[in-house]
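*Asks:* turn this into a structure:
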Amino acid sequence: MFKKKSFFVTFEGIEGSGKSYLSNKLFNFLKKKKYKVVKTREPGGTPVAEKIRKIILDDYFSNNKVVKFDKNTDTLLYLAARNEHLINKIKPTLSKGKIIICDRFIDSTLAYQVYGKGVNINFVNSIHDHILGGLRPDLTFVLKVNISTAMKRLNKRKKKNRYDKFSKSFYIKAQKAFIKIANKNKKKYVILNNSRDNNDIENIIYKKINNFLKK
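*Replies:* Here you go, the predicted structure:
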């Protein structure tokens, strides 16, 4: 029985780690169990946030590198999308006592923009303090993956977006950042190695979720 008023789950990890696939699997698992559950993503999740996502991706694919966004401008766009997402989907969903599953959240900003691109962490934290109002996920799954395996998975994708085109060294740096973040709060983070293509990880996630929802 789902006793909590609401529950906020996030999936984090580099591209090719399987986070989108597994977040969708968890969504379907919970729906079958008759839980009130919503699946969303970042950047995006609402009509306005999706428009901001498109601006970010359009800039990334611009051939004119001279006019590419500054790293702080890029980060502010992510945070603007997050603010819209929080106001119009995440907070309303949680206020209704539902479960929300989000493919990426604040840890991706820290791993990619702060640790990956060198954006000042105080800059990001100060905005998060304002827009989050203390809201944090109840549980975060950080998916670790062998970098070569991740790259092979990315190469198989017919459609690639911004996140699928970073360098191997960038993915290594970002993955280390995700693990570092997770190790600071082991009560709310679960690190899983998803290098193998099997159902073991799915079953571990279902078990973890069931344990949390029964508390």
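*Asks:* what pLDDT does the model give the spatially most central residue of the chain?
*Replies:* In the chain, the centroid-proximal residue (Cα atoms, centre = their mean) is Arg104; its distance is 0.9 Å. Per-residue pLDDT puts Arg104 at 97.
*Asks:* hmm, who's touching the lowest-mean-pLDDT helix or strand in the chain?
*Replies:* Each helix and strand of the chain was given a mean pLDDT (mean pLDDT, DSSP states H and E); the minimum falls on helix 147-155 at a mean of 82. For helix 147-155, the external contacting residues (Cβ atoms under 8 Å, 6 or more residues apart in numbering) are 14-18, 160, 164, 168, 171-172, 175, 195. In this view, the C-beta of every residue, glycine as well, is placed from N, C-alpha and C.
*Asks:* of all these, which two lie farthest apart?
*Replies:* Pairwise distances across these (Cβ to Cβ) peak at 20.7 Å, for the pair Lys160 and Ser195.
*Asks:* in helices only, show me the contacts of helix 147-155.
*Replies:* Taking DSSP state H as the definition of helices, those contribute 168, 171-172, 175.
*Asks:* sorry, back to before: and the least confident helix or strand of the chain, how far out from the chain's middle?
*Replies:* 18 Å (Cα atoms, centre = their mean, to the nearest Å).
*Asks:* buried stuff in that helix?
*Replies:* 149-151, 153-154 (16 or more other Cβ atoms under 10 Å).
*Asks:* next: stretch 196-212.
*Replies:* Buried residues in stretch 196-212 (16+ other Cβ under 10 Å): 201-202, 205-206, 208-209.
*Asks:* equivalent analysis for stretch 73-82, please.
*Replies:* Buried residues in stretch 73-82 (16+ other Cβ under 10 Å): 74-82.
*Asks:* likewise stretch 34-53?
*Replies:* Neighbour-count burial for stretch 34-53 flags 37-46, 48-49, 52-53 (criterion: 16+ other Cβ under 10 Å).
*Asks:* regarding that stretch, how distant is the last residue from the first?
*Replies:* Distance between the boundary residues of stretch 34-53 (Cα to Cα, to the nearest Å) amounts to 31 Å.
*Asks:* on that earlier part again, okay if I get the buried residues of stretch 73-82 as CSV plus secondary structure, pLDDT and distance to Asn88?
*Replies:* Formatted as CSV, those follow (DSSP: H, G, I helix; E, B strand; the rest coil; pLDDT from 0 to 100; distance: Cβ to Cβ, whole Å):
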residue, secondary structure, pLDDT, distance to Asn88
Asp74, helix, 92, 22
Thr75, helix, 96, 21
Leu76, helix, 97, 18
Leu77, helix, 96, 17
Tyr78, helix, 97, 16
Leu79, helix, 98, 15
Ala80, helix, 98, 13
Ala81, helix, 98, 11
Arg82, helix, 98, 11
